[in-house]
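**Q** no sequence on this one, just coordinates:
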DNA sequence: CACTCATTTCACAAACTTGTGAAGTTAATG
DNA sequence: CATTAACTTCACAAGTTTGTGAAATGAGTG
């Protein structure tokens, strides 16, 4: 059942990495427990862990893992996979987790834009305040148009990297 | 001293905008009070408010304003300006507040990259886990290289917008 | 169809955040 | 140089958030 641990895999160092990377995620606004779960799965050689394994690795209750996985699944950063004929859920980091994370931000941008448009109306387009709000709106609209092309560019870039590493390319 | 209120400026609507925009900022991880202060200054026709004015507009204690302004100044989204011969601080939204906000994120990216590099070392570059972490690292490095050119592009775009609105262009 | 294992849900306690009132600090002014 | 205005700091209370243990749910297995 358990994967043969690679000889160079030092559990202590791995744990340290999980906690450190989780902390950087926390600094960027991700709740702590989801951040730790994400880091743990990312670092797992199998790329997939059960809730029980996570509880063990992170030294927390199964309940905490359950909540964290629900959060991560909600924001499309992990998937839950269950093999037929088993009751173990495996948590898997989505191949496009970062893409999802950015698209999510893109959604948030739309919300910002909506409230800024209201602001321009409320203040009057030709008042100094209104103009300032309008410029903020223009910035967000700009980012909004640029993001998709940036993500496309990344996917191309990634294929090149994978090819260089000897993978057979399999576009998403 | 107080600016002539524009006829179309409806205090109620303005306040509603402030609260709504602040809430979208909060949804994206900005603490509430800084978010409200930022929105209020952004919307102010004068573009600058004293702590006392902010306390009045937002219906909070001067202490709360003080803390919020400290936060915003720290992350370079506002400046404190004091006229010689006065003890009033004016809070001003920085012209490049959004630029600063993104650059700040760019700094955070570096932190992420550092901990991911550690992760690749800890896991071994040729293990499946190490490879997964390495790809995450590659994504962040990619974003890291793309951001500056995007911001440059924005500044050009903004100059065009301003010129179209009849401003004399004055590059930062 | 009772049993067991893996996960989820729920009520609650602990820890952390936030904003307040009051006292303190700094700087202009008469 | 005492006074006052404007902001800041600090200790604390109120309100949230987070993770826990215990009970509940659901899904295979003998």
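**A** Thanks, I have the structure now. Every value quoted in this text rests on a predicted model; they were computed, and no experiment measured them.

**Q** who are the packing partners of the worst-scoring helix or strand of chain A on mean pLDDT?
**A** The helix or strand of chain A with the lowest confidence, counting by mean pLDDT, DSSP states H and E, is helix A:97-123 at a mean of 89. Packing contacts for helix A:97-123, counted by 3 or more CB pairs under 8 Å, 6 or more residues apart in numbering or on different chains; DSSP states H and E, involve helix A:128-164, helix B:11-27. (Glycine included, C-beta is placed from N, CA and C.)

**Q** for the record, mean pLDDT for the first one?
**A** Per-residue pLDDT over helix A:128-164 has a mean of 92.

**Q** then the shortest one?
**A** Confidence for helix B:11-27, expressed as mean pLDDT, is 92.

**Q** could you tell me which other helices and strands it packs against?
**A** Checking 3+ CB pairs under 8 Å, 6+ apart, helix B:11-27 ends up next to helix A:97-123, helix B:32-43, helix B:51-58.

**Q** let's go with 7 Å and repeat that
**A** When contacts are defined as 3 or more CB pairs under 7 Å, 6 or more residues apart in numbering or on different chains; DSSP states H and E, helix B:11-27 packs onto helix A:97-123, helix B:32-43.

**Q** does DNA strand C have contacts with it?
**A** No. Helix B:11-27 does not reach DNA strand C (CB under 7 Å from any atom of the strand); its nearest approach is 9.1 Å.

**Q** ok, and the closest non-adjacent residue to residue A:57?
**A** residue A:40 (5.3 Å; CB to CB, 6 or more residues apart in numbering or on different chains).

**Q** who touches that neighbour in this structure?
**A** Contacts of residue A:40 were listed using CB atoms under 7 Å, 6 or more residues apart in numbering or on different chains, and they are A:18, A:49, A:54, A:57-58.

**Q** out of the residues you listed, the closest to chain B would be?
**A** residue A:18 (8.3 Å; CB to the nearest CB).

**Q** isn't residue A:136 right up against residue A:116?
**A** Yes. Between residue A:136 and residue A:116 there is a contact under CB atoms under 7 Å: 5.9 Å.

**Q** who has more neighbours, these two?
**A** Between residue A:136 and residue A:116, residue A:116 has the larger neighbour count (other CB atoms under 10 Å in any protein chain shown), namely 25 against 19.

**Q** find the nearest non-adjacent residue to the more buried one, please.
**A** Distances taken as CB to CB, 6+ apart put residue A:137 closest to residue A:116, at 4.2 Å, once the chain neighbours are dropped.

**Q** please list all residues in contact with the one you found.
**A** A:113, A:116-117, A:120.

**Q** next, format these as JSON lines and append distance to residue A:77.
**A** Shown next, in JSON lines, are those (distance: CB to CB, whole Å):
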{"residue": "A:113", "distance to residue A:77": "24"}
{"residue": "A:116", "distance to residue A:77": "28"}
{"residue": "A:117", "distance to residue A:77": "30"}
{"residue": "A:120", "distance to residue A:77": "34"}
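
**Q** kindly report the residues of chain A close to DNA strand D.
**A** Within reach of DNA strand D by CB under 7 Å from any atom of the strand, chain A has these residues: A:31-33, A:59-64, A:67-68, A:84-87.

**Q** look at residue A:80 and tell me its secondary structure.
**A** Secondary structure for residue A:80, judged by DSSP: H, G, I helix; E, B strand; the rest coil, is strand.

**Q** then residue A:49?
**A** Assigned with three-state DSSP, residue A:49 falls in the strand class.

**Q** distance of residue A:30 from residue A:163?
**A** Note on residue A:30: its distance to residue A:163, by CB to CB, to the nearest Å, is 31 Å.

**Q** so these two - more neighbours on which side?
**A** Between residue A:30 and residue A:163, counting by other CB under 10 Å, residue A:30 is the more crowded of the two (21 against 11).
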